[in-house]
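> need a structure here:
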Amino acid sequence: MSDAGERLTVALVRATAVAWRPAHRVAASLMGRVSLAPAAAAAALSGLVEWLLGPGLENWFVALGMDSQRAALLTSMLVVALATAIATAAWRQPGPARLGGLLGFGAVQVVPFLITAAGTPTTPTLRAQVNVAGWILEPLAMLLLGGVSVVLAAALAMGLVRDVSRLGSLLVRRRRLWPAVPVALAGLVIVSGTVVGALQDGPLSGLHTYSANMPAVARSAATRIVGTIGRTRARPRITALRQDPGTVQTLSVAERTSLIYLPGAYGADPSLRVPVIYFLHGTPGNPGQWLGSGGQLQGVLDQMISSGVIPPLIAVMPNGNGVNGADTQWGNTPRAAIETWLVDQLVPAVDAQYRTLGAPYRGIAGLSSGGFGAVNLAVRNPGVFRWAASYSGYFSAPLWLFGASAQANSPQYTAPLLPAGQRMPLYLGYGTGDVTFRAATEQFAATLRASSWPQLDVLSVPGGHGWQAWSAELVQSLTWVGRLWGPTPWLAGRA
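Residues are numbered from 1 along each chain as shown. All right, here's what the predicted structure looks like:
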């Protein structure tokens, strides 16, 4: 080895030693004396409780309308909290129990997530960019959530006041810990956004990005618009206009705010009238769910419009929550008259505010409870919506929410009664791993086939009740509506 190499090696060894001593002291100060028994017990109990209670808890969360990724994350947090509390109560050593609980969280949540993420394909027909930061921040965010779970569990087991007082005295007496405080705070700030995204959209959604500068795989080449409506007239080249990225606005109607996606072509050609699709969020959820890391609807629409798979269209993302975020399932219930607001107020307001093509080119789609709402509203208002899509939805209204009007709000019963001339094209999608909602979709599809529903597209995609499936279903359904409406619906003369 050269002299320079020897000096570099010695310097690295010394730097490592210098860095190790304070890190070791910090870890020892936070944990106290490390005892193997409570740490091992908490880790082992995490795996045992996950095996015994995990599937049931996940199914319960999904049954409430939550996607499977968030359900798995919350289940793991509850599992390790319980395991940590038991180990803390048994040994009266919260430090080692917390460490064991965090190790258990890594085993039941972080490692399975990384394995699943590595084997999960991106949304078919869309080109995605790997979000390198996501692969780092998502596991860190999950570990932060796991850390919060084990700390709270240990504190409850030992007595919250005693734990907090010890933490305060620890910081006062151990002045060597103070330099770590700003570093810890900076880390919390960096990871906090990812924590919110993981809880709102599921951790898997933060690993890939679908943006406007990555065109989708085109179904067919975009065409130049030269049409006839009464007389021949030339229009701007749609090929060029399709490449302009869309923008998002807000629209407030009756004190409810909706997000509005406008395609780039809409702003570039002031005479252009375009179709409209209403996208209904799930529960718990909000309009921003479509634009966040899970849905990335703006980037998806930009890609599909630029490649000619769908025509330029307006996407309306309304807010269907009741007071304090209460679940309304997009109907008229004691919690809120959402159907009346959406059909009688929002739709006319959008048509008045924007250049639309009217009912023949107006669709509605939704995920989970929003899928129920989309099909229910379309069947109940066939003159308003002429295309509908359900992404992993269900088709029977819950009695506890709708009461006496439950059957009248259940497409499972009302759709077959719709006259043939009012039956709109319906897309029904589900994830192959989504046991509950897959069964509901297959049952509803069988009912529609038995009633000779004319235009029905029923497709399955890989994934459970989450964005992996919903994104694929979204692209499938939009590809179909693109074929139904054609690349230039404004030339059809049916405005």
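> what distance do you get for Ala374 to Gly393?
To Gly393, Ala374 is 7 Å away according to CB to CB, to the nearest Å. (C-beta placed from N, C-alpha, C; glycine too.)
> okay, and the common contacts of those two?
Listed as contacting both Ala374 and Gly393 by CB atoms under 8 Å, 6 or more residues apart in numbering are Gly366.
> so which residues of the stretch 201-350 of the chain form helices?
Shown for the stretch 201-350 of the chain, the helices assigned by DSSP state H, counting those that start in this stretch span residues 238-241, 264-268, 297-306, 338-341, 347-353.
> which ones are touching Leu152?
Ala81.
> helices and strands around the strand or helix carrying Ala439, which ones?
According to DSSP states H and E, Ala439 maps onto helix 435-450. Here helix 435-450 touches helix 36-63, helix 411-414, strand 426-431, strand 456-461, going by 3 or more CB pairs under 8 Å, 6 or more residues apart in numbering; DSSP states H and E.
> look up how far Val151 lies from the nearest residue to Leu36 once chain neighbours are set aside.
Closest residue in space to Leu36, ignoring its immediate chain neighbours: Pro96 at 7.4 Å, by CB to CB, 6 or more residues apart in numbering. To Val151, Pro96 is 13 Å away according to CB to CB.
> the two: who's more crowded?
Pro96 (24 against 18; other CB atoms under 10 Å).
> which SSE is the more buried one in?
Judged by DSSP H and E, Pro96 forms part of helix 94-105.
> please apply the same query to Leu74.
Using DSSP H and E, Leu74 sits in helix 68-91.
> what about the helices in the stretch 351-495 of the chain?
Per DSSP H, counting those that start in this stretch, the stretch 351-495 of the chain carries helices over the ranges 369-380, 399-402, 411-414, 435-450, 467-485.
> isn't Ala157 up against Ala90?
No: look at Ala157 against Ala90 with CB atoms under 8 Å: they stay out of range, at 9.1 Å.
> please say which of the two ends up with more neighbours.
Ala157 (20 against 15).
> hang on, the earlier thing: need the helices and strands packed on helix 435-450 in TSV (columns: mean neighbour count and distance to Pro489).
Shown next, in TSV, are the helices and strands packed on helix 435-450 (neighbours: other CB atoms under 10 Å; distance: least, CB to CB, whole Å):
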stretch	mean neighbour count	distance to Pro489
helix 36-63	18	37
helix 411-414	20	26
strand 426-431	27	18
strand 456-461	18	19
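> who wins for proximity to Val276 among the ones you listed?
Comparison of those against Val276 by CB to CB identifies strand 426-431 as nearest, at 16.4 Å.
> what about the closest one, average pLDDT?
Mean pLDDT, strand 426-431: 97.
> from the chain's centroid, how far away is it?
Relative to the chain's own centre, strand 426-431 is displaced by 17 Å; criterion: CA atoms, centre = their mean, to the nearest Å.
> CA atoms of it as PDB?
Listed next in PDB are the C-alpha coordinates belonging to strand 426-431 (Å, rounded to 0.1, in the frame of the first residue of the first chain):
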ATOM      1  CA  LEU A 426     -70.000   1.000 -17.700                       C
ATOM      2  CA  TYR A 427     -66.400   0.100 -16.800                       C
ATOM      3  CA  LEU A 428     -65.900  -2.100 -13.700                       C
ATOM      4  CA  GLY A 429     -62.400  -2.800 -12.500                       C
ATOM      5  CA  TYR A 430     -60.900  -4.700  -9.500                       C
ATOM      6  CA  GLY A 431     -57.600  -5.900  -8.200                       C
END
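> list the helices and strands that strand packs on?
Using 3+ CB pairs under 8 Å, 6+ apart: strand 426-431 touches strand 387-391, helix 435-450, strand 456-461, helix 467-485.
> list the buried ones in the second one?
This points to helix 435-450. Buried positions in helix 435-450, judged by neighbour count with 16 or more other CB atoms under 10 Å: Phe437, Arg438, Ala440, Thr441, Phe444, Ala445, Thr447, Leu448.
> do stretch 98-116 as well
98-110, 113-114.
> can you tell me the distance between the two ends of that stretch?
26 Å (CA to CA, to the nearest Å).
> how about stretch 334-344?
Criterion CA to CA; first-to-last residue distance in stretch 334-344 is 18 Å.
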